[in-house]
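**Student:** got a predicted structure plus its sequence, pasted below:
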Amino acid sequence: MLSQYLLAAVDVRRAQQPGSTRGGLVTKLAIPGIKFVTSEHNPGGGVMAVSFVQPRIEAPEPKFEVKGIDTDVFGGLGQVDRWIFAGAYREKKPGGGGVVPGRAVIEGAISAWEPDESDPTEFQGCNHTFTEVTHYEFHLGDNELFYIDHWERVLRVNGVDIFDDIRRALGA
């Protein structure tokens, strides 16, 4: 039987800066999905169009929201940095489970800071959006679910490098 994983807590922090945890500020965390690039072929004499999957992904766009103004993000706003999006997942399965760490390592730049409408009786939410993401990996417990690096030209899914044969064909 498959385990279910229930998100229990989240944190966002700079990977190279100790003490930069936002566990008490962050209210929403969007670990970006993976969407493979497709190439559509619609033959004039055929019976259907086909969207062929390519071994590359569309640009990921991680996001997070904090309540209040996080002044730390302004040091380096618009500059590439390495970030950790962390989650604590409760594993649910027959016979029990435990708490499993989830870690997304993201290298990119916070390129948008957008405060919400607010009034004086509530904390103002501020949204942070990343672009120029060149490295993105996600681990659940000891399992690497995916590893993608633009500069290395590596795209691993569940431990399998699906770009390896293409690199070899290019002589790289």
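**Tutor:** Yep, that arrived.
**Student:** how many other residues sit next to the nearest residue to Ser118 once chain neighbours are set aside?
**Tutor:** In space, Ser118 comes closest to Gln124 once its chain neighbours are excluded; the distance is 3.7 Å by C-beta to C-beta, 6 or more residues apart in numbering. The C-beta positions use only the backbone N, C-alpha and C, and glycine is treated the same way. Look at Gln124: counted by other C-beta atoms under 10 Å, it has 14 neighbours.
**Student:** which ones are touching Gln124?
**Tutor:** Lys67, Gly68, Ile69, Pro115, Asp116, Ser118 (C-beta atoms under 8 Å, 6 or more residues apart in numbering).
**Student:** now tabulate those in JSON lines and tack on pLDDT, distance to Ile31 and secondary structure.
**Tutor:** Shown next, in JSON lines, are the contacts of Gln124 (pLDDT from 0 to 100; distance: C-beta to C-beta, whole Å; DSSP: H, G, I helix; E, B strand; the rest coil):
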{"residue": "Lys67", "pLDDT": "92", "distance to Ile31": "19", "secondary structure": "strand"}
{"residue": "Gly68", "pLDDT": "89", "distance to Ile31": "22", "secondary structure": "coil"}
{"residue": "Ile69", "pLDDT": "90", "distance to Ile31": "23", "secondary structure": "coil"}
{"residue": "Pro115", "pLDDT": "92", "distance to Ile31": "22", "secondary structure": "strand"}
{"residue": "Asp116", "pLDDT": "89", "distance to Ile31": "21", "secondary structure": "coil"}
{"residue": "Ser118", "pLDDT": "84", "distance to Ile31": "26", "secondary structure": "coil"}
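**Student:** now, of these, which are buried?
**Tutor:** The neighbour-count test (16 or more other C-beta atoms under 10 Å) marks Lys67 as buried among the contacts of Gln124.
**Student:** quick one: the residue nearest to Ser118 from Val10, how far?
**Tutor:** Gln124 is 19 Å from Val10, where distance means C-beta to C-beta, to the nearest Å.
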